[in-house]
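1. Just need the structure, nothing else, for what follows:
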Amino acid sequence: MAEKAQSVADVKEMLGQVFSAEKAEGVDAVFQFDLTGDNGDKFWIHVHDGAFDSGDGEHDAPTLTLNAAADDFIKVVNGEMAAMNAFMMGKLKVKGDMGLAMKFQQIFPTS
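-> You can find the predicted model right below:
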């Protein structure tokens, strides 16, 4: 991906562009993103039947919730910080199925 995300809005757009329908086959999960800081935002992505839809705010029943500072999350999406390193340093927190977090990286390969 040549363009780097500068904001959470850029991240949302980028995720739509890199979505891999074949990697999403058989997945039915809601990924909630709670991003804090000056650039913070809350949004969710529901992956189902090889497709996805998304929305702003909080989903009623997320399968997995990811908490991070927006700026750190943007670095992960841009490939400037490894997701596993961010997790190990406590910069990225995951509540729910860690396997789904790994699957998310396959469904939405940003770097």
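
2. contacts and neighbour counts: CA atoms only from here.
-> Will do.

3. burial measure for the nearest residue to Pro109 once chain neighbours are set aside, as a count.
-> Distances taken as C-alpha to C-alpha, 6 or more residues apart in numbering place Val18 nearest to Pro109, at 6.1 Å, with adjacent residues excluded. Counted by other C-alpha atoms under 10 Å, the residues lying close to Val18 total 15.

4. so Val18 touches Thr110, yeah?
-> Yes: shown here, Val18 and Thr110 form a contact pair, counting by C-alpha atoms under 8 Å, at 6.5 Å.

5. if I look at Ala82, how far off is Met89?
-> 11 Å (C-alpha to C-alpha, to the nearest Å).

6. Between the two, tell me which one has more neighbours.
-> Legend: neighbour count by other C-alpha under 10 Å for Ala82 and Met89, higher for Ala82 (15 against 10).

7. chain center to stretch 72-90, what's the gap?
-> Distance of stretch 72-90 from the chain centroid (C-alpha atoms, centre = their mean, to the nearest Å) equals 11 Å.

8. now stretch 87-95
-> Relative to its chain's centre, stretch 87-95 lies at 13 Å (C-alpha atoms, centre = their mean).

9. Low-confidence ranges, the chain, go.
-> Low-confidence segments of the chain (pLDDT under 70): 1-2, 111.

10. And the helices in it, which stretches?
-> For the chain, applying DSSP state H gives helices covering 8-18, 21-24, 70-77, 83-88, 98-107.

11. residues in contact with the closest residue to Leu64 other than its chain neighbours?
-> Closest residue to Leu64 apart from its sequence neighbours, by C-alpha to C-alpha, 6+ apart: Gly96 at 4.6 Å. If a contact means C-alpha atoms under 8 Å, 6 or more residues apart in numbering, then Gly96 has Thr63, Leu64, Thr65 as its contacts.

12. could you dump the residues you listed to JSON lines with neighbour count?
-> Shown next, in JSON lines, are these (neighbours: other C-alpha atoms under 10 Å):
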{"residue": "Thr63", "neighbour count": "16"}
{"residue": "Leu64", "neighbour count": "19"}
{"residue": "Thr65", "neighbour count": "20"}
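
13. Cross those residues against strands and list the overlap.
-> Leu64, Thr65 (DSSP state E).

14. for the contacts of Gly96, which one is nearest Val76?
-> Thr65 (16.0 Å; C-alpha to C-alpha).

15. Noted, bye for now.
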